[in-house]
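Asks: Sequence and computational prediction follow.
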Amino acid sequence: MNNFTFCNPTKLIFGKGTIAKIAREIPAGAKIMMTYGGGSIRRNGVYDQVTEALKGREVVEFGGIEPNPQYETLVKAVERARAEGVDYLLAVGGGSVIDGTKFIATALKYAGDPWDFMLDPSKAVEAVPLATVLTLPATGSEMNNGAVISRREFDEKLAFHNPQGYPQFSVLDPEVCYSLPERQIVNGIVDSFAHTLEQYLTFDTQAMVMDRWAEGLLQTLIELGPKLVERHDRYDEVANFMLTATMALNGFIAMGVPQDWATHMIGHELTALHGLDHAVTLAIVYPGMMRVMRREKFDKLVQYAERVWGVTGTPEEKAEAAIEKTDAFFRSLGMKTRLSEHGIGQETIDFIVDRFRKRGWNLGETGQVTPERVAEILRERM
């Protein structure tokens, strides 16, 4: 097991009726900016619950944060927050709203052009306090310090981590998920599955606890996936899904293990260039990553096949089955897992590979996912 230092300061407030508790968690004199997306929180009753809980508090609202939050929108929120003297942020929504709010929180403490810390994440070191009310399980952003932001002007989608950017608290009420569209539930399942694989499917470091924890999360998603697609208004099933999505990316299964994240970096390009949902890009790229990097990930592929899927046979057969079963799982949820199914061809592959070369990016847990390997991965998914 690798050396590590672990700290996650986010307080989770989980369960039915917990939105009512937010006021007691936010300092009494805070000037709050409540951020949200396109208005679904007004339709599903979450907006009313939050405003009721904050009755009598100073609250500024900023709505309209997009899926794959846009820099151009977020800088407007920063300007508004500065003008209003905001000193506390409350994100009400899914991962995009929370990521966008982390950007706002960091930008409010940053003296220069906020895009600077997207290009050089080491510059993101301070943040205005923030908290979240989660409405869509998927990204784990409610319990980590990372965010991914898009900039339409440059067709870029980049990530940053701020050591001060953890939410102070996050409220998770499974009942708010009952009204979600099936597409968002499927996206959340795939997103959580891929997050877990990025930290698990690397190479063996004898991190037995983290391996078993990751395998448990994967098995939970496999078991719940079909049930949630059928219906997602049964409390315990949704509660377990919601907690799985959080645990997939709050640092717990990352302790002492190598991490990959090449699939995410490639997927971000497909979103930036074609507007595909983040989870859709992961469902496309991940099986290709597994196949092209099969030799480097072989031992973990075999372990994954045995422990998660119950596969028997030779090691080679197990590794192959691991790839096929992952792709089949994504497709069973209704995901299209081929570039051609989205009308994406060689021109996009060439653009992404050229961009990675210019950035000097060698990705993956050992830096072996070169631009040339990226080309192989994407061609494999045509």
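Replies: Yep, it's here.

Asks: Next, count neighbours for residue 261.
Replies: Counted with other C-beta atoms under 10 Å, the neighbours of residue 261 add up to 17. Just so you know, the C-beta spots here come from the backbone N, C-alpha and C atoms, and that holds for glycine as well.

Asks: Let me see the contact set for it.
Replies: Taking C-beta atoms under 8 Å, 6 or more residues apart in numbering, we find residue 261 in contact with 198, 363-364.

Asks: any idea how far residue 223 is from it?
Replies: 26 Å (C-beta to C-beta, to the nearest Å).

Asks: would residue 171 count as being in a strand?
Replies: Yes: Residue 171 forms part of a strand when assessed by DSSP: H, G, I helix; E, B strand; the rest coil.

Asks: How is the protein divided into domains?
Replies: Here the domain parsing of the chain from automatic domain parsing is 11-176, 181-380.

Asks: avg pLDDT for the last one?
Replies: Put plainly, it is domain 181-380. On average, the pLDDT along domain 181-380 is 97.

Asks: Repeat that for the shortest one.
Replies: Model confidence over domain 11-176 averages 95 on the pLDDT scale.

Asks: let's number from 861 now, not from 1
Replies: Okay, using 861 as the starting number, the last item reads as domain 871-1036.

Asks: my read: residue 885 touches residue 872, true?
Replies: No: assessed by C-beta atoms under 8 Å, residue 885 is found out of contact with residue 872, at 11.4 Å.

Asks: of the two, who's got more company?
Replies: Legend: neighbour count by other C-beta under 10 Å for residue 885 and residue 872, higher for residue 872 (18 against 15).

Asks: check contacts around that one.
Replies: Counting by C-beta under 8 Å, 6+ apart, the residues that residue 872 touches are 1003, 1029-1030, 1032, 1106.

Asks: helix, strand or coil for it?
Replies: strand.

Asks: Tell me who's in contact with the nearest residue to residue 931 once chain neighbours are set aside.
Replies: Nearest non-adjacent residue to residue 931, counting by C-beta to C-beta, 6 or more residues apart in numbering: residue 1011, 4.1 Å away. With contact set as C-beta under 8 Å, 6+ apart, residue 1011 has these partners: 930-932, 975, 978, 1017-1018.

Asks: Near residue 923, how many other residues are there?
Replies: 17.

Asks: hang on, it packs against residue 900?
Replies: No: under the criterion of C-beta under 8 Å, residue 923 makes no contact with residue 900, lying 10.6 Å away.

Asks: Do a quick rundown of the strands in the stretch 1011-1160 of the chain.
Replies: 1016-1021, 1029-1032 (DSSP state E, counting those that start in this stretch).

Asks: partner strands of the first one, parallel or antiparallel?
Replies: Pointing back at strand 1016-1021 there. Strand pairing for strand 1016-1021, determined by DSSP bridges: strand 1006-1011 (antiparallel).

Asks: Same list (the contacts of residue 1121) but as TSV, adding neighbour count and distance to residue 1141.
Replies: Formatted as TSV, those follow (neighbours: other C-beta atoms under 10 Å; distance: C-beta to C-beta, whole Å):
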residue	neighbour count	distance to residue 1141
1058	25	13
1223	21	15
1224	23	17
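
Asks: longest helix in this structure, by residue count?
Replies: Looking across the chain with DSSP state H, the single longest helix is helix 1068-1090.

Asks: packing partners for that helix?
Replies: Contact here means 3 or more C-beta pairs under 8 Å, 6 or more residues apart in numbering; DSSP states H and E; on that basis helix 1068-1090 packs against helix 1042-1060, helix 1095-1107, helix 1158-1169, helix 1175-1192.

Asks: Look at residue 884 and say how many residues are nearby.
Replies: Neighbour number of residue 884 under other C-beta under 10 Å is 9.

Asks: repeat for residue 1186
Replies: Residues within reach of residue 1186, counting by other C-beta under 10 Å, total 25.

Asks: re the thing from before, out of the contacts of residue 1011, who's the most crowded?
Replies: Top of these by neighbour count (other C-beta under 10 Å): residue 1017, with 26 neighbours.

Asks: That one pairs with what?
Replies: Where residue 1017 sits in a bridge, its partners, by DSSP bridges, are residue 1010.

Asks: residues touching it, list them.
Replies: Residue 1017 touches 928, 1008-1011, 1128-1129, 1131-1132, counting by C-beta under 8 Å, 6+ apart.

Asks: same question, residue 1147
Replies: 1183, 1186-1187, 1190, 1197, 1241.

Asks: Going by neighbour count, which of these are buried?
Replies: 1183, 1186-1187, 1190, 1197, 1241 (16 or more other C-beta atoms under 10 Å).

Asks: could you redo the contacts of residue 1121 as a markdown table and give each row distance to residue 1214?
Replies: Shown next, in a markdown table, are the contacts of residue 1121 (distance: C-beta to C-beta, whole Å):
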| residue | distance to residue 1214 |
| --- | --- |
| 1058 | 24 |
| 1223 | 15 |
| 1224 | 19 |
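
Asks: can you tell me which of these lies nearest to residue 1096?
Replies: The nearest member of those to residue 1096, counting by C-beta to C-beta, is residue 1058 at 27.3 Å.

Asks: got TSV for the contacts of residue 1147, with distance to residue 1206 too?
Replies: Shown next, in TSV, are the contacts of residue 1147 (distance: C-beta to C-beta, whole Å):
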residue	distance to residue 1206
1183	23
1186	25
1187	21
1190	23
1197	18
1241	12
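
Asks: Now flag whichever of these is closest to residue 1088.
Replies: Once C-beta to C-beta is applied, the member of the contacts of residue 1147 that ends up nearest residue 1088 is residue 1190, at 14.1 Å.

Asks: my guess is the closest one contacts residue 1143, does it?
Replies: Yes: contact criterion C-beta under 8 Å: residue 1190 and residue 1143 qualify, at 4.1 Å.

Asks: so what sits against both of these two?
Replies: Common neighbours of residue 1190 and residue 1143 (C-beta under 8 Å, 6+ apart) are 1050, 1197.
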